[in-house]
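> return atomic coordinates for the entry below.
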Amino acid sequence: MDSDTKGHATETSPRDERPTLKTIAFMTGLGVTTVSRALKDAPEIGEATKKRVRLVAKQIGYRPNRAGVRLRTGKTNVISLVLDTEEDLTGFVSDMIYGISETVAETPYHLIVTPYSRRNDPMDPVRYLVETGSADGIILSRTLPDDPRVHYMLEHHFPFATHGRTNIGVEHAWHDFDNRAFAREAALKLVELGRTRLALLPPPVGLTYHTHTREGFSEGVLEAGATEVAWSGVSIDDLIDDIRSKTVRLMRRKDRPDGVVVSSGGATFALVAGIEEAGLKLGQDVDVVSKQSSKLLRLFRPELYVCQESFRLAGREVAKAVMGQIAGKSVDKLQSLAAPPPIVSCRNPAIP
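Here you go, the predicted structure:
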């Protein structure tokens, strides 16, 4: 009887119970309050103490009880990335999520993805998150110059950060890639290669970075004394087959371009297919400068020229910005612009 009782006690020992702050406090020799503040990254706790607490928490599998946290603090410790399900998959989604996750990993926050389709009202997921209090902060992409989602969150005093800028006249947290500088440098690069008639395959009309890209491209064309070949009714958001067929028609025109600037790596695959279907040779009849977020273009055609945009960096920056908003930091400290790296040939084995 006694041996059975002892065996049963072993099976239900405290080691099998869910670890708590008291568990970490006992193992580190610290007070529960100190442990709690260390896990919250409180500035008054030293870095060595924070690292020791986090290491023990990780080793014993500690996870805060979200329901309890919300009852005590009113917070969820959740950051939501509102993501267009039709986003370019050549690096954007995985790298953005990786960058955000990398940044929140050492904080109390964790990431959830809230998907939506651009065919539906983009306000729906934002309203849901704000009205239900399902997250402490929101990250948005595909910003508009006068973005109603940004207006809504500003009106509701809800912490957020955007991947991309707006022109609403009110400061908010954001990170962006300098598409204006990229497009200008891309146009100048094509002229350096001897090209004089340039076309642009831009982001979709309406998004803020379409305007930035268009302005930079026009500046580069004017500065270099080149000629822009008009190419309307096309964007990097078009279906791959549509970009290919529109490229074929463009390249069969008498005034066809001999250089093209492209705003995404995914669209470049279709563009090159159209160039070659029109009977032209990349690197001889036409040169192309494209943004890329992965290594695929380097493997696709060595004649291409590329400029790397890091979505992992973007993820890290928007995560820091939205957490800064939640913490009440000044908005002007939560804005960052990534300068484009040099444009390089895909023949260069050293390119990213």
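> pLDDT weak spots in the chain?
Along the chain, the parts satisfying pLDDT under 70 run over 1-16, 64-74, 87-91, 349-352.
> from the centroid of it, which residue is nearest?
Nearest residue to the geometric centre of the chain (C-alpha atoms, centre = their mean): residue 96, 4.0 Å.
> and the next helix or strand past the helix or strand that residue falls within?
Using DSSP states H and E, the element containing residue 96 is helix 92-104. Counting by DSSP H and E, the next helix or strand C-terminal to helix 92-104 is strand 110-116.
> so which residues make contact with stretch 42-50?
Applying C-beta atoms under 8 Å, 6 or more residues apart in numbering, the external contacts of stretch 42-50 come out as 30, 34, 37, 38, 41. Heads up, the C-betas are built off the backbone N, CA and C, glycines and all.
> what distance separates it from the middle of the whole chain?
29 Å (C-alpha atoms, centre = their mean, to the nearest Å).
> for that stretch, how far is the first residue from the last?
One end of stretch 42-50 sits 9 Å from the other (C-alpha to C-alpha, to the nearest Å).
> can you list the buried residues in it?
Within stretch 42-50, the residues that count as buried by 16 or more other C-beta atoms under 10 Å are 45, 50.
> cool, and stretch 188-207?
Using 16+ other C-beta under 10 Å as the test for burial, stretch 188-207 gives 188-191, 195, 197-203, 207.
> show the end-to-end separation of it, please.
OK, stretch 188-207 end separation, C-alpha to C-alpha: 24 Å.
> next one: that stretch to chain centre, how far?
24 Å.
> relative to strand 110-116, how tilted is the helix holding residue 96?
If you take axes from the mean of the first three to the mean of the last three C-alpha atoms, to 10 degrees, helix 92-104 sits at 150 degrees to strand 110-116.
> any chance you could list what contacts helix 92-104?
Contacts for helix 92-104 (C-beta under 8 Å, 6+ apart): 79, 81, 83, 87, 110-111, 113, 139, 141, 163, 293, 310-320, 323.
> please redo it, this time with the cut-off set to 7 Å
Outside helix 92-104, the residues that touch it by C-beta atoms under 7 Å, 6 or more residues apart in numbering are 79, 81, 83, 87, 110-111, 113, 139, 293, 311-316, 318-320.
> same deal with stretch 248-258?
Contacts for stretch 248-258 (C-beta under 7 Å, 6+ apart): 195-199, 229, 231, 274-275, 277-278, 280, 285-286.
> tell me the one of these nearest residue 301?
Among these, residue 275 lies closest to residue 301 (C-beta to C-beta), at 9.8 Å.
> the closest one reaches residue 282, doesn't it?
Yes: assessed by C-beta atoms under 7 Å, residue 275 is found in contact with residue 282 at 5.9 Å.
> neighbour count winner among the two?
Using other C-beta atoms under 10 Å, the more surrounded residue of residue 275 and residue 282 is residue 275, with 23 against 16.
> from residue 252, how far out is the more buried one?
11 Å (C-beta to C-beta, to the nearest Å).
> before we move on, what about residue 127?
47 Å.
> so what's residue 149 up against?
Contacts for residue 149 (C-beta under 7 Å, 6+ apart) come out as 122, 123, 126, 140.
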